[in-house]
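*Asks:* pasting the sequence and the predicted coordinates here, then a few questions.
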Amino acid sequence: MKAVTAVPGVPESLRLREVPKPVPKAGEALLRPLAVGVCGTDKEIIEGRYGKAPEGSDFLILGHEALAEVADVGAGVDNVSPGDVVVPTVRRPLNCDLPVDYCPFGKYLEHGIWGLHGHAAEYSISDARYLVKVPPEVVDVAVLTEPLSVVEKGVELGLNLYQARLSRLPQRALVLGAGPIGLLAAMLLRLRGLAVTVTATRPPDSLKAKLAQQIGAVYVDAAHDEISGKFDLVIEATGSPQVALEGLERLESGGVEVLLGVYPRGGTLNDVGALLTDAVLNNKLVVGSVNAGIRHFQMALQHLKEAKERYGDWPRRLITKEATLENYAEAYHWTHDDIKTVLVMTPK
Ligand SMILES: [Zn+2]
């Protein structure tokens, strides 16, 4: 079968390979991926900056944001059957008894990223316990479930931490960044009724700006305009350390900032002392969040359904580019105006 692969640690190693079709062992499901989303993590792997091949393999099959159909199941699997459409979660624990999304580095494997093959292939394998069934009405957008699950966890943390400290719900939220994570965060916050401002460096007539406005968020072009006021909740989704610190400054007293980016090392930060003192004097809280549990995948599917009811094909419009196995490399190249690129493996 064909698989999209990379060699972790080796730049420009993205290629299509012919590999043996996997066979499910007891407790596993054989999946026929329908679509696989691509994100910055894939880019880091194909640039040789991240990722780990499975033990005994010198390459890694990519693909952690998958939508798939169950093709076959190994012995003892009773939660899914062939024909079910599912989303597999990404992370598997390794001698770790914490919730899997809280396992520290070194105590987990991740499909398509760290030590386990992913789903950018004609067939793939998952432990059946980590498959979440997809309701038929959201199959067309369920490739967004994995990135949305990460946002679900971050937004839930932000809301819960805010409420635990101030005994009320946050009213105003600022989302930094209008990529898939930023726009999905804006969607969740709008579904929960918050007033949302989204800011990014794209112009006001860009698709990103329009998508933010279509769900009732205010869009601010960070290159030319000032954000006004302060916010109870800030969701950081740019991956810029400078922007993340500015987010702290934008918090209302008692506010919470959730960091969802991966931040490059280095950089020069001005006046960190003033920012930190302000954080102390105003009880500000910054929390990092990564990965997500099965519960967040289920919440993501429920919210995709609500978003379709409320905003029509809005979730679908986040997918700005689709490629197939024939032109797979296209899915790994995107511009600032792309939002989510997707490899369509088998049209459903
Ligand atoms: Zn991803």
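*Replies:* Good, I have the coordinates.
*Asks:* okay, CA-based contacts and neighbour counts for the rest of this
*Replies:* OK.
*Asks:* any idea where the helices of the stretch 51-200 of the chain begin and end?
*Replies:* According to DSSP state H, counting those that start in this stretch, the stretch 51-200 of the chain carries its helices in the segments 145-166, 180-191.
*Asks:* and the longest strand for this protein?
*Replies:* As assigned by DSSP state E, the longest strand anywhere in the chain is strand 28-38.
*Asks:* what's the helix or strand just after that one in contact with?
*Replies:* Counting by DSSP states H and E, the next helix or strand C-terminal to strand 28-38 is helix 40-46. For helix 40-46, the surrounding residues in contact (C-alpha atoms under 8 Å, 6 or more residues apart in numbering) are 6-14, 50-51, 62-63, 113, 332.
*Asks:* re earlier: which of the helices of the stretch 51-200 of the chain is buried the deepest?
*Replies:* helix 180-191 (a mean of 24; mean count of other C-alpha atoms under 10 Å).
*Asks:* quick one: mean pLDDT over it.
*Replies:* Mean per-residue pLDDT for helix 180-191: 98.
*Asks:* angle of it against helix 145-166?
*Replies:* 50 degrees (axes from the mean of the first three to the mean of the last three C-alpha atoms, to 10 degrees).
*Asks:* what's helix 180-191 packed up against?
*Replies:* helix 145-166, strand 172-176, strand 195-200, helix 207-214, strand 231-236, helix 294-311 (3 or more C-alpha pairs under 8 Å, 6 or more residues apart in numbering; DSSP states H and E).
*Asks:* pretty sure residue 174 contacts residue 194?
*Replies:* No. Counting by C-alpha atoms under 8 Å, residue 174 stays clear of residue 194, with 9.9 Å between them.
*Asks:* before we move on, back to that, tell me which of the contacts of helix 40-46 fall in strands.
*Replies:* The subset of the contacts of helix 40-46 located in strands under the criterion DSSP E comprises residue 6.
*Asks:* list just the nearest of the contacts of helix 40-46 to residue 145.
*Replies:* residue 63 (13.4 Å; C-alpha to C-alpha).
*Asks:* could you pull up the residues touching the closest one?
*Replies:* Contacts of residue 63 by C-alpha under 8 Å, 6+ apart are 36, 37, 38, 42, 111, 112, 113, 118, 119, 120.
*Asks:* if we can go back for a sec, who has more neighbours out of residue 174 and residue 194?
*Replies:* Legend: neighbour count by other C-alpha atoms under 10 Å for residue 174 and residue 194, higher for residue 174 (30 against 19).
*Asks:* scan the contacts of helix 40-46 and report the most crowded one.
*Replies:* Going by other C-alpha under 10 Å, residue 62 tops the contacts of helix 40-46 with 30 neighbours.
*Asks:* gap between residue 232 and residue 62?
*Replies:* 38 Å (C-alpha to C-alpha, to the nearest Å).
*Asks:* and if you look at residue 124?
*Replies:* The value you get for residue 124 to residue 62, if C-alpha to C-alpha is used, is 11 Å.
*Asks:* now for the two: what residues contact both?
*Replies:* Shared contacts of residue 124 and residue 62, counting by C-alpha under 8 Å, 6+ apart, come down to 117, 118.
*Asks:* what segments of the stretch 201-348 of the chain are strands?
*Replies:* Using DSSP state E, counting those that start in this stretch, the strands of the stretch 201-348 of the chain run over residues 218-221, 231-236, 251-259, 285-288, 319-323, 340-344.
*Asks:* excluding covalently adjacent residues, which one is nearest to residue 68?
*Replies:* Among residues not flanking residue 68 along the chain, residue 33 sits closest, at 3.9 Å (C-alpha to C-alpha, 6 or more residues apart in numbering).
*Asks:* oh, I was asking about residue 166
*Replies:* residue 254 (7.2 Å).
*Asks:* perfect, I'm done here.
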